[in-house]
Structures are given as structure tokens and as C-alpha cells.
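Chemist: no sequence for this one, just the structure:
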Ligand code: NAD
Ligand code: LMR
């Protein structure tokens, strides 16, 4: 499903509601696929942000009720609903975005979603290009390893590609890594930060446990166990949901964190870092997830130091993931170029 984005900034007058923060700024965020499993809780979390003035919810169905429901929360943002292709343009004017898609069922890989989601992402990003080309575009729809290259190709075809503003959202991998490492090592959860690089599927998800902060030591068994669990965490949820979809609540939490970080960066905070799958020159692959510094214009810098001084285990895993990630990237690019 979807995601969000923001866009135009406006000063906010103090509000007559019961809200804890005085908003510093106002941004417009659109959530595409907003009636879905991720879309609904994500919209709720974004509705709680003091940085958002306008929240636009788009879906092909069932979004009116979601918007009516959310609009009763006494937080600053105004909620509007948009349904169907004819309303998509208006939904996107002046905002930043993210596309929708379908989730997998047990036994499926993320790549099995390609045939449906590739077209959805292509069409939604095309509308983004026409209506809010300056937006931060945050892609959640799987397979992210391919949908981000598709989005980039569509934006290039429209002449509005800005690699600094297109993100594959991999925050959930970091959220999971932080949770599992803190549990395993008995660390205070709030302090733990594990960079996760590569991509967002199976072995392309590479947690860099040696770069855990605060520094922690792991036995070889712990490294293997934690790495495999982080790589398979999406499947853990798909199997537990037994046909009812994939991660939605943890994903909404993770996406809301990425949106909030983006808004803080847009708002001038000079100390915002997140992992994301972006156009990259850190490896020989054109797209790669790593920590990035976010700024007003999107990706301000990639953080190459995370890939330096890797352990043998991490270095091997990095080499092992490259062929799969490369193939997923090429599949996305080929799809978009065939449609052009
Ligand atoms: P869902 O089926 O519950 O919701 C998808 C929503 O998208 C539905 O409301 C549907 O009506 C809508 N939709 C379908 N086609 C659309 C279109 N053309 N335009 C607008 N809306 C459209 O699915 P979900 O659980 O919310 O998952 C959505 C996607 O997110 C899936 O592709 C899933 O694999 C992916 N996902 C990614 C991550 C990640 O870490 N990046 C994590 C979890 C899920
Ligand atoms: C996840 O990591 O939970 C998502 O990519 C959904 C999935 O299919 O696993």
C-alpha cells in the first residue's frame, strides 16, 4: 500500500484544539492506498504529526469512511478523501506521495507481487510526476527492489526524476533489527540502532550487526540467528496471518517514522538519518539501501562508512546479495522501459 508524502509548507496559526505540540510548520501528505491494511494505521499516525497541515487519502475504494473517521481526531491536519483515477490528480497537487499495492500470502515471495504491483506503481508515480513532481516519493509497495527502479524510470520518462527524492521504504527492516537485537542482547530498546543495507527481500536484507550502536558483541551463532530472523521477519508475519496479508501495523509504524523524519528534514532539522533504498554509488549496483542523511532537498548524503570495515560474514553476505538485487533492479527497469 502506500504511502505518504508531503509538500507545500505554510505557517500555522495556533489552533483551537487539544494538542500537545505547537506545530512549527505545515506540510501536505498524501497516502495512496489509504484504505488498506497499512494505509489506515499509517494515516492515523500521520494525523498525529504536528508537522502536517493537510492529509490527503486516496484509494480505489472505501476511503470515504476512513477519512470521515480520522477527521474526528482533534489534531491539526485537515483530512480529505479522494477515490478513483479521476480524483488522483487533485489528491496529489502540492504534496509528496507513496504508492499502493497488494500484499503477499503464505508461500509467495515478494517478487510474486511484481505483475500486479508494477503497473500500480507505474500509474501512481506517473500521476505524481504530473501533479507534484517535487514531492518526496516513498515507495512501500513490494517488490520494493523492483518498484523503486520502475518509479525512477517513469519519472525519467516524464523528465522530472530527482534521485534525491525517491525512496524505497526499508525502515521496517531497521525497526525489526533494533527490536530483535535489543531483545537478544538485553539492551535498552530506545538506544539500539542497527543499520540495514542492500534491499528489501530475503537475503538482500543485510543487517550490519557489527555496526550496532551502542556497540555490542555477538557470537557467530547469534549473528546467524539474528540475520536470518531479520531477513525472514516479513514471512514470519505472512505465515502468522495465514492468508490475511502481510505486516501492516509494524509497517505503518515504520513508514510513519520515515515520513516524520522526512518532514523534520524538510523543516530544516540538520541531524536526520534513516536507512532507505535509493539511487546509490556505494556499490556497483544502481540502487542500494543504506543510511542516508536527509535534508530539505531529500538525500543530502549517503553514509559510506557503514560499508567500510565489514566483518567477513557481512562482506560475504554483501557479495551474495548482489546478483539477486541486480536482477530485481533490471526486471523493474525492463518493465518500465517496455511500457514507454
Ligand atoms: P492491502 O491490500 O491491505 O491494501 C492495499 C490498498 O491499496 C487497498 O486498500 C487497495 O484498494 C489499494 N489499491 C489497490 N490498487 C490501487 C491503486 N491503483 N491505487 C490506489 N490504491 C490502490 O495491502 P497492505 O497490507 O496495505 O500492503 C500494501 C503493500 O505494501 C504491499 O505491496 C505489501 O507487500 C507492501 N509492504 C511493504 C513493506 C515494506 O517494508 N516496504 C511492508 C509491508 C507491506
Ligand atoms: C515485510 O517485510 O513485512 C513486507 O515486505 C511484506 C512482506 O511481504 O513480507
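Modeler: Nice, I can see it. All values reported here derive from a predicted model rather than from experimental measurement. Ligands and ions are numbered 1, 2, ... in the order given.

Chemist: So what's the gap between the helix ranked longest in the chain and the chain middle?
Modeler: Of all segments of type helix in the chain, defined using DSSP state H, the longest is helix 312-339. Taking the mean C-alpha point of helix 312-339 and that of its whole chain, the gap between them comes to 18 Å (C-alpha atoms, centre = their mean, to the nearest Å).

Chemist: That helix - contacts with which helices or strands?
Modeler: The helices and strands touching helix 312-339, judged by 3 or more C-beta pairs under 8 Å, 6 or more residues apart in numbering; DSSP states H and E, are helix 114-131, helix 144-157, strand 196-198, strand 205-207, helix 220-241, strand 287-295. Placement of C-beta: from N, CA and C, glycine included.

Chemist: Tell me which residues touch residue 299, please.
Modeler: The contact partners of residue 299, taken as C-beta atoms under 8 Å, 6 or more residues apart in numbering, are 163-165, 167, 276, 278, 292-293.

Chemist: Which of those residues are buried? Put it as a PyMOL command.
Modeler: Those of the contacts of residue 299 that count as buried under 16 or more other C-beta atoms under 10 Å are selected in PyMOL with:
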select buried, resi 164+165+167+276+278+292
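
Chemist: would you turn the contacts of residue 299 into JSON lines with distance to residue 81, secondary structure and pLDDT?
Modeler: JSON lines is the format used below for these (distance: C-beta to C-beta, whole Å; DSSP: H, G, I helix; E, B strand; the rest coil; pLDDT from 0 to 100):
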{"residue": "163", "distance to residue 81": "32", "secondary structure": "helix", "pLDDT": "98"}
{"residue": "164", "distance to residue 81": "30", "secondary structure": "helix", "pLDDT": "98"}
{"residue": "165", "distance to residue 81": "25", "secondary structure": "helix", "pLDDT": "96"}
{"residue": "167", "distance to residue 81": "25", "secondary structure": "strand", "pLDDT": "96"}
{"residue": "276", "distance to residue 81": "28", "secondary structure": "strand", "pLDDT": "97"}
{"residue": "278", "distance to residue 81": "31", "secondary structure": "strand", "pLDDT": "98"}
{"residue": "292", "distance to residue 81": "32", "secondary structure": "strand", "pLDDT": "98"}
{"residue": "293", "distance to residue 81": "35", "secondary structure": "strand", "pLDDT": "98"}
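
Chemist: if I look at the residue most central in space within the chain, how far off is ligand 2?
Modeler: For the chain, the residue sitting closest to the mean C-alpha position, by C-alpha atoms, centre = their mean, is residue 169 at 2.1 Å. According to C-beta to the nearest ligand atom, to the nearest Å, residue 169 stands 10 Å off from ligand 2.

Chemist: Now do the same for whatever residue of the chain ends up closest to ligand 2: its pLDDT.
Modeler: In the chain, the residue that lies nearest ligand 2 is residue 234 (2.3 Å; C-beta to the nearest ligand atom). Reading off the confidence values, residue 234 has pLDDT 97.

Chemist: How about residue 21?
Modeler: 47.

Chemist: Ok, residue 207 next?
Modeler: With respect to pLDDT, residue 207 has a value of 98.

Chemist: Just grab the bridge partners of it for me.
Modeler: Following DSSP bridges, residue 207 is listed with bridge partners residue 196.

Chemist: residues contacting it?
Modeler: In this structure, residue 207 makes contact with 173, 177, 194-196, 226-227, 230, judged by C-beta under 8 Å, 6+ apart.

Chemist: mind redoing it with 10 Å?
Modeler: Residues near residue 207 by C-beta atoms under 10 Å, 6 or more residues apart in numbering: 173-174, 176-178, 180-181, 194-198, 223, 226-227, 229-231, 275, 314, 317.

Chemist: Surely the residue nearest to the centre of the chain touches residue 199?
Modeler: No. In this structure residue 169 lies outside contact range of residue 199 using C-beta atoms under 10 Å: 12.0 Å.

Chemist: where do the contact lists of the two overlap?
Modeler: Listed as contacting both residue 169 and residue 199 by C-beta under 10 Å, 6+ apart are 144, 148, 277, 289.

Chemist: where in the protein is pLDDT low?
Modeler: In the predicted model, the chain carries pLDDT under 70 at residues 1-25, 96-101.

Chemist: neighbours around the residue in it positioned nearest to ligand 1, how many?
Modeler: Using C-beta to the nearest ligand atom, the single residue of the chain nearest to ligand 1 is residue 36, 2.0 Å away. With neighbours defined by other C-beta atoms under 10 Å, the count for residue 36 comes to 26.

Chemist: Next, it: secondary structure please.
Modeler: coil (DSSP: H, G, I helix; E, B strand; the rest coil).
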